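Peer 1: how would this look folded up:
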Amino acid sequence: MEATVAERGQITLPKAVRDALGLTKGTTLKVELDGGRIILRKNVDDAISRARGRFKLPPGVTTDDVMRELRGRAPGDPIDENGDP
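Peer 2: As a prediction, this is how the structure comes out:
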């Protein structure tokens, strides 16, 4: 893949790269130099920070409930009367 440097020093990252990394408008990238290489890294901390606090759980639902729904019963979880987790 190639990208051309424009007059003002800007480049356009190929769509396949943007899609693979989930890069959208406003995503912060860290730029590093390594000898003759330019390394771009997605700033994951920034993405997590922006998402923090934006999602609310319904009343009476805990994060443990959500994790059980996603991952299944954890060792040590009580089993209900029907034998279901």
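Peer 1: Would you map the strands across this structure?
Peer 2: 29-34, 37-42 (DSSP state E).
Peer 1: Could I get these in JSON lines, plus columns for mean neighbour count and distance to Gly9?
Peer 2: Bear in mind the C-beta positions are built from the backbone N, C-alpha and C, glycine included. Listed next are the strands of the chain as JSON lines, based on neighbours: other C-beta atoms under 10 Å; distance: least, C-beta to C-beta, whole Å:
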{"stretch": "strand 29-34", "mean neighbour count": "10", "distance to Gly9": "12"}
{"stretch": "strand 37-42", "mean neighbour count": "11", "distance to Gly9": "12"}
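Peer 1: close enough to count as contact, Thr63 and Glu69?
Peer 2: No - assessed by C-beta atoms under 8 Å, Thr63 is found out of contact with Glu69, at 10.6 Å.
Peer 1: follow-up on the earlier one: identify whichever of the strands of the chain lies nearest to Asp19.
Peer 2: strand 37-42 (12.6 Å; C-beta to C-beta).
Peer 1: Name every strand pairing with the closest one and say which way it goes.
Peer 2: Here strand 37-42 has these sheet partners by DSSP bridges: strand 29-34 (antiparallel).
Peer 1: shared neighbours of Thr63 and Glu69, anything?
Peer 2: By C-beta atoms under 8 Å, 6 or more residues apart in numbering, Thr63 and Glu69 have no common neighbours.
Peer 1: returning to what we had before: turn the strands of the chain into CSV, including distance to Leu23 and mean pLDDT.
Peer 2: Converted to CSV, the strands of the chain look like this (distance: least, C-beta to C-beta, whole Å; pLDDT from 0 to 100):
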stretch, distance to Leu23, mean pLDDT
strand 29-34, 8, 92
strand 37-42, 7, 90
